[in-house]
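Trainee: here you go, sequence then predicted model.
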Amino acid sequence: MKYLIIRYLLVSIALLTACKKVLDTKSELYIDQSLSIVDKRSAQAALVGAYNVLSQNTYQGNTFRYITNLLSDNIKWVGNTPTNREFDVYSVFTTNTRVQELWTAIYKTINIANNLIDKVPAVNDVTFDQSERNKQRGEAYFLRALCYFDLVRLWRNVPVVTQPTKTASDNKGITNSTGEEVYQFIENDLDSAEVLLPATINRNRANQYTAKALKARMYLYRENWKKAEEYANLIINDSADFKLTKPYSQFYTAKNSTESIFEIDYTINNKNSYASNWFQNPTTGGKKEFLPTDEFVNLLKDPNIGGARSALMFTVSGVTYGNMNFKIATGEDQSYVLRLGEMYLIRAEAKAEQLKLEEGLKDLNVIRARANIPSIPVVGSKEELIDKILLERRVELGYESHRWFDLIRKGKAQQVLGISDANKLLLPLPRQEVLIANLTQNKGY
Amino acid sequence: MKNFTKPKLTGLLFLFPFIAALFVSVIGFAQTSTLAGRIIDERTNVPLAGATIQIKGSTHKVVTNDKGEFTFITAQHLPLTYIVSYVGYQTIEAIQDGPGLFTITLVQANNKLKDIVVVGYGTQSRKNLASAVSSVNTSQIEDVPAASIDQLLQGKAAGVLASANSPVPGTGIFLRVRGSTSINATNDPLYVVDGVFINNRSLQSVSTGGQVTNPLADLNPADIESIEILKDANATAIYGSRGANGVVVITTKHGKLNNKAKVNIGYYYGSSSARKFWKTLAGPEEGILQNETWLNDGKPYATRPFRPVAEGGLGLPEEQPTNDRIGIIFQDAPTHNIDISTTGGDTKTSFYIGGNYYDQEAIVKPDAFKRYSVRVNLDHQLRESAKIGFSIDGVKTDRIKSPNNNVPYGAVNGALYTPAYLPLFNPDGSYARPSLFENPYAAIREVNFTDIGARFTGNGFGEFTIVKGLKFRTSWSIDFNESKEDNFYSSKTYVGQAPTNGSATSAITRNLTLINEQLLTYNKTFNGVHLLSLTAGNTIQKERFEITSVTGIGFPTDEFSKIASAAIQTGTSSSSDAGLVSYFSRVNYILNNKYSIDINFRADASSRFGKDHRWGYFPAAGVSWRAGQEDFVRALGIFTDLKFRASYGSTGNQNGIPDFAAKGLWSGGNNYQDVSGTAPNQLANPDLRWETTKQADIGIDAGFLANRITVGFDFYRKYTTNLLLQLPIASQTGYNNIFANAGEMSNEGYELNINADLCQYKNFTWSFNLNVATNKNKIQKLPAPIIKTGVIILQEGSPLYSFYLHKQFGVDPQTGNVLFDDLNKDGNVTDADLQILGNAWPKYFGGLTNEFTVFKNFDVQASLYYSLGNDVWNNTRYRMGHGGSRNGVFAMLKEELGRWQKTGDITDVPRLTVAGNNAAIIPSRFLEDGSFVRLRNLSVGYSIPKSLLNRWSITTLRLYFSATNLFTLTKYKGVDPEVNVSNGDQNILGYDQAIAPQPRTLQVGFNIAF
C-alpha cells in the first residue's frame, strides 16, 4: 500500500520531467524574430521578403493600382461591391477596407526596410562584405522611400516610422508629420540609396538607376524643376541601358524590356489578382470591375492622340475593355513602377516649367513619335505645352497610377473630375488607425 | 527547470488528502446474511437484467442476471437498507428485515432526472449535487436525423444555445453553453467522451466559402448512453483551463457483467426537402426595373438597357425570358442510417460493439455526408481489485463538398444571384455565365470535391483498488484524425475555365492528440453520516497538427483530374504543436445526506503562453443543502425534494489561439522572383497568459408530488478577465495586431427547467420538459472597437453580436430617397451616424418536449425549439435590394417591386438609383427580427406487443415515423432564421448570406432487439 503511493509519487516526478518537453514546443513553420537577420543569407532573405510584401495584392499587386485607377478619369467602376465604388465617386468612407489594407501593407514594407537598415551594419558575418551590405541597405532605403512616396501622395500627412518594430511598445505614439516633412524624409532616403546602390541593371530590384528615376519623379512632384530635369537626364542619357521600346505595347508584352527601370516581377508562385478586375466572363475570365471611360476610349481611338496606345483597349461584342496584356490565369502581370517613357515626360514638363519650351516639346515629340502620332511642330505658351504634356501623360501612362496625382499636382483635379470638396483630394486615414494611434484625420473626413 | 519547482510542489499537495485518508480505512466484518430476489418492470413485469443492488453504506454490489435475478451475500446484519438502481428507472431504497426471495418492482424514469450524474472524473448523486448540470435524455434524440451530436442538443438543455449554420450535413454548428466568454479564444465547450477529451478542431483546409466540417460528426449518436452538460464553475473547474465554456460529458454504451448478449438493429430512411425559396424577379420585371433605374439616373430613354434588339438593346422587358435557376440546385435528399450493436457480459468481461452506416445527402446538390463507424468498448475484471478496459472508435467519413454559400462560384450564389432574364446556356451549348456568378449546372456537375476523413480514437485504462475505497486509475489515449480533401474544377467551371484549363487541389490534414492521465479516488462513509470522496490526478496532453497540400492548374483535358497531369504544380506543408500539463483535485463531503460541499482545484500549464505565465490555477467550490430533508420543510407537505445550491469558482481558456501566439515570429515563404524570403509574422507578447472566467451560480431544485414534477432554476453570472484578444495595434508598426490579454466580458442569465409526468395511467402517459434560458452578454472592457463584415461591432459597453448600422426611418415620400438617422445632426450621413440597432443573441431560448405513450405500445414525441428576440442580418436581401446600383450583376427580389415610384408613395423600398446614398449606405431595413419557434421533431412509434414477438425470440420491435422541422413560426423574410454564415469567425452570429433553409425531413424506421 505504502509502496504503491511511493510508486505513484515516482511516476509523477518522472512525468514532470516529461512535461518540460510537452510545454517547450518549437515552431517548425516560423523562426524567432531574434534569428531573422543574423548573417548574410538571412539578410538577403529578409530583403527578398520586403519585395514580397511590396508586391502583394494589398499593395502593388492590386490595391494600390485599383484605387489610383478608379480615382482617375481613365477608368470607371462597373463592379458590384459598394466599398469599391466609393473611389469612383470620390466619397470614400473612413472605414473603407481597401484604404485600411493598403495602409497596412505599405507600413509592413516599411517595417522590413527599417529592420534591414537597422540590423545589416551590425550583422556579424565575415562573408558579408561591405559592398553587399551597402547594396542591401541601399535597396531598403529605396523601398522605404517608394513607400513613403505612395503614402504622402495619397494621404499627405502621415506618420514617419524610421525604426524597426521589435516589441509592441516600439513606434507607438508617432503621430502625423506634415507632407513637407515626409517629402524631406523621402529625399534623404533616396540620397542614401543613390550613394549605397551599385550602378548595375536589374529591372526588378532597386539599384542606382531606380533611385535616380524615383528622385526625378519626386522632384517633379515638389516642383523642383531643375533637379527633376537633372535626374531624368541621368536616365535618358544612359542610352546603353535604357531605350524606348517600339511598338509602344512592347514594354508590357515582354518582361523587363529596355524601357523598364523598375517593374515588380510576378511569377506563377508569386502572382497578383489585378488582371481579374478588367475582364468579364466568358471572354477571358475575371470579375469585371473596371471599364475604360468613354472619354478615355475616344482619346485612345483618336489617331492624333492615342496612336499606338490604342493597344490599351480591345472590344468584344460591343464592350470595350481595358487591356495591358493581362494574364488572369497565371497572375503574372508585372506592376510597372518606373519606365523611360515617364522620364521623357518628366523632363518635358520640367523643361516647360523652366520655360525651355522648345526642348520640352522635343521630349514630348519623342514619346509621340514612338506612338506613331504626328509631332507637334510648335507651341505658343508654357501653359499650352503643359496641357499637352498632361494629356500625353494621360494616354501614355494610362493605367500606371499617374493620372490622379497629375491632376492634383497641376491643381486641376477638382475641375476635371468634378469634385466640389477640395478635402476629397486626399484619402481618409483609416478610422481604426486614427483611433488606435491617435492620428489626426485628414480634413473633411 | 526553475519554473517547474512550483508545479512539482503543487503535484505533491494534491496527494495530501490521500495520505491522510489511508489512516482511516476500516476493515473487517464477521457474519454474513443472504439476500436473493428478482427485479421487474412495474408496468410490463419484464425482468430487468443488469440492475444493480447495493447495500447502503457499503460499496458491495451485485448485478441481476438476464432473468432479473440476483443473490447477495453480505457480511452486514439484517435488517439492512439496500439501493436498487437501473439505467432509465427510478432508483429505490428499501429495508430488508428478513431472509427469503423477494420481488422488487422498478418504475421507469421516463423523463425523470437521472439519479447518478456523470461529472468531471467521476459520478455524483443528483440528490446531493452542488453543481449546475443538465442531463440530456438520449431517448429524446434517437429519432432525430442529425449527423452530429451537438445539433441533437438543440432545445434539450437549458442554457445551451445550438444553432445550425447551414443545411449541409456534417458541417459545423454554433453552440454555446451559458453565453460566449471570449473573442479570440474558443467559445466551444469541451467535449469529453468516456473521460477522454475529444478534439473538435475542424480539419478542413480547402475553403468551401463558409461551411466548416464538424469533427463531432465523427461520433455515432447511437453509441451514446448519456450526455451531461456541466455548466457552473463547481462542475467545470476540475477541467480547469478548458472548462470556461462548459463541458459536454458523453458516456458511451458499455456492456454489463452477467448479461446475455443482446443484439440491437436500427434502421431509418428519411427524405429531406426545402420548404421555402427565395422569390426573385421574373425576366420582364428585371427589365422594367433596370430601365427605371436608368431613367431615374437621368440617362437617355433612347439608350435604356432594355430597348428593342433592333435598336441595339437587350430587347423590351416583356420579351425577356425567365430562367429558373433556383429549382436546379435543390433536390429531395435521402438519408439512410443503419445501426447494429451487440452488448453483453459474462462474470468478468463485458462488451459493447456498435457499428453504424449513415448516409445523408444535402438538399442543395451535390453535397453529401457518409459515415462508417465501429466502436468497441471492452471491460475486464482481472481480479477483485483490478480492472482494465479498452475503447476503440474507428470512423471513416466521406463528404462531397461544394463551394456553396458565400462564393460567386458556388451553386447557391449562381442560382440565386444571377438575374433571371440571362441565359443558362450559350448558343454553342456551353454553360453560360452571363453575370459574375457560376452557372448552377456547372457548379453541380463539373466540380468534384471530396473529403475523406479517417479517425481513430483509442483509450486504454487500468483501475486498481489499493485498499477498500481507494482506487488508482491510469488511462492512455490517442485521437488520430485525418482528412484528405481533393477537388477538381473542370475547364467548364468558373474557377477552371480557360485560360486556367482546370484547377485541382489535394490536401492532407492531420491532427494527433496524445493524452495520459492518472486518477486517484477515495470514497468512504464514516459513521453512516459522513460521506467523503476525494479525487486527484494529472494529465499530460500533446497535440500535433499538420497540413500538406498541392495545387495544380492547366489540365490536358477534363478527363484528367490528378495534379500529376497539371501543367503548373505548386505545393506547401506546415505543422504546429501544443502541449498541456495539468493537476487537479476535488474533495466532496456530504453530511447526513443533507449538506454537501465540493472543493475543486486545478493547475494547468500551456505551451501557448509566455514562459513565466504558463501556469494557471483554477479553484472552485460549491455547497448544497437539501432543505427538503429538514423536518420543517417536510411539514409543509409541498416538496418531495428541495435543494439549494451555490457555487463559485474560476476556469480558464487557452484553446483557439494559435499555438505560438506569445512568440515573436518571422515567416518564410515570402518569396519574390522565386527566391525565398522572410518577413515579420507576429510580435512577441511574453506576458500572454490565461484568460480567466469567474462564475457564480445559485440554483434551486425542487420536486413535487413524489417527484412527478421537478423544477430546476439557476441564476449565474460569469465575468471573464484577461480576455485573449487579437488586439489591433497601429499598422504603422508594420503589424496589425498582437495577441494580448485585453478586455473583460460578462455574461449573466437564468435557466429554468421543468420536468413533469402529467399523466401516469396504465394506457396513457404524458410527460413534458420545458426549458427556458436567457443570457445577457456585455463587453466590459475593450481597448478599441472591432468591426466584422461591415455590420457587426464589438465594442466596450455593448454585447457581442451587435449589429451596427445606419438607421433607416423610411423613404421620403417626396424624393423616394432613404431617410437615414443623422445621429450627430451634421447634415451628412457618415460613419459617425452608425449605431447599434440589434443583436443576434436571443432574449429567450430553449425547448419544449412532450412525450406520450398510448395503450402501452404507441409512443409519441414532439420537440419544439425556440429562439425569441434575436435579430438576423439578411445580407441576401441587402445584396439583392440594391435598386439597380450593382450594375445588373445581382438579381433583385420581388420586394423591389414595391419601390418608390412617384411623389406620395409610402414604402420602405427607395427609388431605384445608382447615385446617392440609397445604395451606397447599408440601411437598417435588412436587419430583421429572427425570432422563431420550430417543431424540431415529431415522432410516432409503435412497439409490437411482446406476446407476438416471443416466438421469434425478439425482445423489442419498434416501428416509427418521424418528421423534422415540420413547421417554423417566424416573421423572418429570408428562407430560414436559423442561419449563420460566419466564415469560421466565432464572433459572427445571425448573418444570412445565400444559405438554403434547414430541411424538412420525413423519416420511417425501426428498432429491433433480440
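Mentor: Cool, the structure landed.

Trainee: return the residues in contact with residue B:274.
Mentor: The contact partners of residue B:274, taken as C-beta atoms under 8 Å, 6 or more residues apart in numbering or on different chains, are B:167, B:330, B:363, B:364, B:975, B:996, B:997, B:999, B:1000. All C-beta atoms are positioned from the backbone trio N, CA, C, and that covers glycine.

Trainee: what's the farthest-apart pair in these?
Mentor: B:364 and B:1000 (14.1 Å; C-beta to C-beta).

Trainee: between the two, which is the more surrounded one?
Mentor: residue B:364 (28 against 19; other C-beta atoms under 10 Å in any protein chain shown).

Trainee: wait, the more buried one sits on residue B:169?
Mentor: No: here residue B:364 does not reach residue B:169: they are 10.9 Å apart, not a contact under C-beta atoms under 8 Å.

Trainee: for chain A, which segments count as strands?
Mentor: Taking DSSP state E to define them, one finds strands in chain A at A:30-32, A:75-77, A:260-264, A:290-292, A:313-316, A:319-322, A:335-339.

Trainee: what of the stretch 351-500 of chain B?
Mentor: B:368-383, B:386-400, B:447-467, B:470-489 (DSSP state E, counting those that start in this stretch).

Trainee: most packed of the ones you listed?
Mentor: Of all these, strand B:470-489 has the most neighbours on average by mean count of other C-beta atoms under 10 Å in any protein chain shown, namely a mean of 20.

Trainee: after that one, next one along is what?
Mentor: Once the chain leaves strand B:470-489, the next helix or strand it forms, by DSSP states H and E, is strand B:503-526.

Trainee: helices or strands next to that next one in the packing?
Mentor: Helices and strands touching strand B:503-526, by 3 or more C-beta pairs under 8 Å, 6 or more residues apart in numbering or on different chains; DSSP states H and E, are helix A:2-23, helix B:16-22, strand B:196-198, strand B:470-489, strand B:530-553.

Trainee: so how far is it off the chain centroid?
Mentor: From the chain centre to the centre of strand B:503-526 is a distance of 19 Å (C-alpha atoms, centre = their mean, to the nearest Å).

Trainee: quick check, the residue in the stretch 201-350 of chain A closest to chain B?
Mentor: Proximity of the stretch 201-350 of chain A to chain B (C-beta to the nearest C-beta) peaks at residue A:329, 3.8 Å away.

Trainee: pretty sure that residue contacts residue B:497?
Mentor: No: using C-beta under 8 Å, residue A:329 makes no contact with residue B:497, being 9.2 Å away.

Trainee: packing partners of the longest helix along chain A?
Mentor: Ordering each helix of chain A by length in residues (DSSP state H) puts helix A:130-154 first. Counting contacts by 3+ C-beta pairs under 8 Å, 6+ apart, helix A:130-154 packs against helix A:40-55, helix A:63-71, helix A:97-119, helix A:179-196, helix A:208-221.

Trainee: in stretch A:80-99, what's buried?
Mentor: Buried residues in stretch A:80-99, counted by 16 or more other C-beta atoms under 10 Å in any protein chain shown: A:80, A:82-88, A:90-96, A:98-99.

Trainee: among those, name the ones in helices.
Mentor: Among these, DSSP H puts A:82, A:83, A:84, A:85, A:86, A:87, A:88, A:98, A:99 in helices.

Trainee: near chain B, from the residues you listed?
Mentor: A:82, A:83, A:85, A:86 (C-beta under 8 Å from any C-beta of the partner chain).

Trainee: centroid residue for chain B?
Mentor: A centroid search over chain B (C-alpha atoms, centre = their mean) returns residue B:150, at 3.4 Å, as the residue closest to the centre.

Trainee: please give the element, helix or strand, for that residue.
Mentor: Following DSSP H and E, one finds residue B:150 within helix B:149-152.

Trainee: what's in contact with that helix?
Mentor: By C-beta under 8 Å, 6+ apart, helix B:149-152 touches B:136, B:141, B:144, B:146, B:162, B:164, B:173, B:175, B:214, B:216, B:219, B:221, B:224, B:227, B:248, B:250.

Trainee: and those residues, which are buried?
Mentor: B:136, B:141, B:144, B:146, B:162, B:164, B:173, B:175, B:214, B:216, B:219, B:221, B:224, B:227, B:248, B:250.

Trainee: related to what we said a few turns ago, any chance of the helices and strands packed on helix A:130-154 in CSV, with mean pLDDT too?
Mentor: As requested, the helices and strands packed on helix A:130-154 are exported to CSV (pLDDT from 0 to 100):
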stretch, mean pLDDT
helix A:40-55, 96
helix A:63-71, 95
helix A:97-119, 96
helix A:179-196, 97
helix A:208-221, 97
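
Trainee: possible to save those helices as CSV with distance to residue B:624?
Mentor: Shown next, in CSV, are those (distance: least, C-beta to C-beta, whole Å):
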stretch, distance to residue B:624
helix A:40-55, 59
helix A:63-71, 60
helix A:97-119, 53
helix A:179-196, 68
helix A:208-221, 76
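
Trainee: count the neighbours of the residue nearest to residue B:717 when sequence neighbours are not counted for me.
Mentor: Leaving aside its chain neighbours, residue B:717 sits nearest to residue B:748 (4.2 Å; criterion: C-beta to C-beta, 6 or more residues apart in numbering or on different chains). Residues lying near residue B:748 (other C-beta under 10 Å) number 18.

Trainee: check the secondary structure at residue B:748 for me.
Mentor: Secondary structure, DSSP: H, G, I helix; E, B strand; the rest coil: residue B:748 is strand.

Trainee: ok, it touching residue B:799?
Mentor: No: between residue B:748 and residue B:799 there is no contact under C-beta under 8 Å: 11.2 Å.

Trainee: what residues do these two have in common as contacts?
Mentor: residue B:776.

Trainee: which stretch in the helices and strands packed on strand B:503-526 has the least confidence?
Mentor: In terms of mean pLDDT, the lowest-scoring of these is helix B:16-22 (a mean of 45).

Trainee: in contact with the residue of chain A found nearest chain B, which residues?
Mentor: Of all residues in chain A, residue A:111 sits closest to chain B, at 2.5 Å by C-beta to the nearest C-beta. With contact taken as C-beta under 8 Å, 6+ apart, residue A:111 is in contact with A:161, A:164, A:165, B:680, B:733, B:734, B:735.
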